[in-house]
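Novice: how would this look folded up:
(chains A and B)
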Amino acid sequence: MKQLTKLAVATTVALWAAAGSASAQVTELRIGYQPSPIQDNSIAMFEAWGAKNGVKIVKVPNSYGVYVEKMTASLTSNSDQYDVIWHNDDWGQTWAHLLEPMDDVEANKFASKWSMSPIVFGNDKGQNTVVPMGQTFSVFFYRSDLVKPEEVPKTLDELVTVSKKLQADGKVKFGYVAGASMNNSWFTWFWSMWGNNCDVLLPPYERDNKKLAANGWKSGMTEPCMQKNVEYWWDAINTHKIVPRGMPAYDRNEANAVFMAGDAAFTVADSLWWGTFNDPAKSKIAGKVAATRFPLGPDRAKPFAWDDIWGWAIPKSISPERKKKAKEMLNAMMLDKEGQKKLFKATGAPPPNTEFWAEIAAEDAFMKLLKESVLDSPDKVRGAYYFPQWPAVHKAFNDTVTKAVTGKREDIAKVLAEGAPLVSKAAQ
Amino acid sequence: MFGEQQRFMLFLIAPAALLMLLFQVLPIVIGANASFRDWALYNPKKIWVGFSHYYAVLSDPAFLYVVLPNTFLFMILSVAGALVAGLALALLLNRPFRGQKLVQTILLVPLMVAPVVAAIMIRWMFNDQFGIVNTVLEAIGLEGQPWLVQRWSAFGIILLTDIWLWTPWFTLLLLAGLQSLPKEPFEAAAIDGTTTWRVFRFLTLPMLRPVIVVCVVIRAIDAFRTFDIVWTLTGGGPGRSTELFSLYAYVHAFLNLDLGRGSAAAIIGGLIILVIGVVLYRLVDRIAKA
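Specialist: As a prediction, the model looks like this:
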């Protein structure tokens, strides 16, 4: 009987030990992401690393439309549903307290310093919470078969005159097209606003929450530059007819469809659309696209660049073993030169490791342009604000400018004045 | 305490009751609890704030002067539109003709389409550059329209989509109602030489009224909480002009990540629909008794 008891105890201990070591040995990592070329290519690097290291990469796609709410619910419920999740500067501060610090991911030292600013991704202890996936920003695309580089509009006024000439010559249906509806504000409203010393909150371009709070979260909606901005797009739609009348309701896919159909000469879109614009299977203008800096408004003479990143983050709630393994994978991704070159080739998004930029720029004219006009630019703008209420502020802003641009021209100032307190209130 | 028969009945009811408790009652209780607290989705402090979320919703001009009127207008027009179209189709299908079964099956197709898919499809149909609607208009010499950038055309498209989706449901139920009506009054009317309109007005409609009222009650309550097609077609825009109650609650809870205020809006909406439901059910009761 004693022997039987000893055997039972020994078996239990052995099973417990085996189970313990099995749980310590991480054999799979689950990635929560939104299918898109840049994320797919980044995950391809994870898979290459996984194949070498005996770790299965389980991809869990999520719809963009519900990504933030779904992932926020997952993070706050301390679930271990994902080991690595797609992260974005827009949610940098919304999730900062729910994410694992990444300061010990050594290869992060090769990431862009501007993009990794603690203002964006730092938690309350100043620790960084992201590993970059790639630089994601928009550029001004133009049809190189219709416009020579020296003819490309450098001001908003020139955008109108060049567009009208192209339309009059029957070369193109519209001058400009881009997304403008909620969550597509960047491609119409924001860049033209930043190019005219204007911003959603005041002072323009400020992203330090303490300074914004000290200014009472005052919005820029009633500033003369904002009125000029809305009036510019109202005129572009109704007076000059250089953009489609339906544009205020367009999302990025609808706008890009117009551009890729060859119906517009100019657009603003994320640089990672470069690959799709030049894919003959998807685009009628493949091989006829070039990019440059944004045209400027009358109140600004100095060019600017908008530069942000998409990244990967690790939920705080997962086990230490899984965190360690996930960081190993992210570190390897940051050092994967071939994978990052492929990512750039497939998407047009500059890869996360800045050490590779010069080499890629030497081989690729588009990367050279991005490096000169955006990545190395001394005058950069951040594409979002970094406090949890930013989505509410963004929506209040977009609702207001959409209402203004779809109404009567003489009512623009009134609509902006009505929207100003809503934008400020949403920020508080 | 309970007899054998009652125990058996309770045993049969228990699984459904448990599911209802877990997936309907419990979420409502949690939501109601959240509506009284500072409950941001990204940082649920859960501090008691009393009725402040309710006050914020009920004093929000957008809720009072845009969202609620839009919701009631949508509810009335969508139900009325689908009822009229459904009744017309049911009357058409109630008389035998060649290929009747095939037509009946084809008419049911919208019921099989997911509302989000239908909305995406309709959005592209009304796209001002590539949409079939503008292509047809331009082919006959009319100017294409930017349908989704004006309040009433966007609202009309939402209504059209909803009516298209729900007409087959009305058709199906009303057709079943029509086929169950007694034949004798119609035969008597035919012998008297009554016109088709008078038969419809004084026989079909009164006899079908209980079915119509039940359909309207169910559909009206459902229409109040419509979300998917509006979110996909317009996102409540342009500039909140087509926002309905469910979008209002969703935006606060899941876009602004303010679960407390979103829950308060949902509870207010729930109370409104409860009142409407009680009124409509009383109406059904009165009609049934009449």
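Novice: Pull up the per-residue confidence for the residue nearest to residue A:176 when sequence neighbours are not counted.
Specialist: Closest residue to residue A:176 apart from its sequence neighbours, by CB to CB, 6 or more residues apart in numbering or on different chains: residue A:266 at 4.6 Å. C-beta here means a position set from N, CA and C on the backbone, and glycine is covered the same way. Note for residue A:266: predicted pLDDT of 98.
Novice: where's residue A:266, which helix or strand?
Specialist: strand A:264-270 (DSSP states H and E).
Novice: Residue B:70 too?
Specialist: Assigned by DSSP H and E, residue B:70 falls in helix B:68-93.
Novice: Past that helix, which element shows up next along the chain?
Specialist: helix B:100-107.
Novice: model confidence over that following helix, on average?
Specialist: 88.
Novice: Check which helices and strands it is in contact with.
Specialist: Applying 3 or more CB pairs under 8 Å, 6 or more residues apart in numbering or on different chains; DSSP states H and E, one finds that helix B:100-107 contacts helix B:68-93, helix B:151-179.
Novice: give me every residue that touches residue A:36.
Specialist: Shown in contact with residue A:36 (CB atoms under 8 Å, 6 or more residues apart in numbering or on different chains): A:64, A:272.
Novice: quick one, what contacts the residue of chain A found nearest chain B?
Specialist: For chain A, the residue positioned closest to chain B under CB to the nearest CB is residue A:403, at a distance of 3.1 Å. By CB under 8 Å, 6+ apart, residue A:403 lies in contact with A:415, A:419, B:238, B:239, B:240, B:241.
Novice: where's the second one relative to residue A:196, distance?
Specialist: Right, the one you point to is residue A:419. 18 Å (CB to CB, to the nearest Å).
Novice: For the stretch 51-200 of chain B, which residues are neighbours of chain A?
Specialist: When proximity is defined as CB under 8 Å from any CB of the partner chain, the stretch 51-200 of chain B approaches chain A at B:127, B:128, B:129, B:130, B:145, B:146, B:147, B:148, B:149, B:150, B:154.
Novice: would CSV of those with pLDDT, neighbour count and secondary structure be doable?
Specialist: Compiled in CSV, these are given as follows (pLDDT from 0 to 100; neighbours: other CB atoms under 10 Å in any protein chain shown; DSSP: H, G, I helix; E, B strand; the rest coil):
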residue, pLDDT, neighbour count, secondary structure
B:127, 95, 24, coil
B:128, 94, 21, coil
B:129, 94, 23, coil
B:130, 93, 14, coil
B:145, 95, 17, coil
B:146, 95, 23, coil
B:147, 96, 24, helix
B:148, 95, 27, helix
B:149, 95, 27, helix
B:150, 94, 19, coil
B:154, 97, 24, helix
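Novice: which pair in those residues spans the largest distance?
Specialist: B:130 and B:150 (18.8 Å; CB to CB).
Novice: right, so of the helices and strands packed on helix B:100-107, which gets closest to residue A:286?
Specialist: Between the helices and strands packed on helix B:100-107, helix B:151-179 lies closest to residue A:286; by CB to CB that is 33.1 Å.
Novice: Now whatever residue of the stretch 101-250 of chain B ends up closest to chain A. Nearest residue, chain neighbours left out?
Specialist: Chain A sits closest to residue B:239 of the stretch 101-250 of chain B, with a gap of 3.1 Å, by CB to the nearest CB. Nearest residue to residue B:239, sequence neighbours excluded (CB to CB, 6+ apart): residue A:403, at 3.1 Å.
Novice: Determine the three-state secondary structure at the one you found.
Specialist: helix (DSSP: H, G, I helix; E, B strand; the rest coil).
Novice: Quick check on residue A:117: phi, psi?
Specialist: Dihedral angles of residue A:117 (phi, psi; degrees, to the nearest 10) stand at phi -60, psi 140.
Novice: which residues of the stretch 101-250 of chain A score low on pLDDT?
Specialist: Along the stretch 101-250 of chain A, no part satisfies pLDDT under 70.
Novice: Identify the residues contacting the residue nearest the centre of chain A.
Specialist: Centroid-nearest residue in chain A: residue A:136, 4.7 Å away (criterion: CA atoms, centre = their mean). Listed by CB under 8 Å, 6+ apart, the contact set of residue A:136 reads A:38, A:270, A:271, A:272, A:308, A:309, A:310, A:349.
Novice: hmm, 10 Å instead?
Specialist: By CB atoms under 10 Å, 6 or more residues apart in numbering or on different chains, residue A:136 lies in contact with A:36, A:38, A:88-89, A:115, A:270-272, A:306-311, A:347, A:349-350, A:383.
Novice: go on, residue A:63?
Specialist: Per CB under 10 Å, 6+ apart, neighbours of residue A:63: A:34, A:35, A:70.
Novice: now swap in residue A:376 and tell me
Specialist: A:305, A:307, A:357, A:361, A:370.
Novice: I'd like the distance from it to residue A:367, if you could.
Specialist: From residue A:376 over to residue A:367 (counting by CB to CB), the distance is 12 Å.
Novice: repeat for residue B:54
Specialist: Per CB to CB, residue B:54 is found 54 Å from residue A:367.
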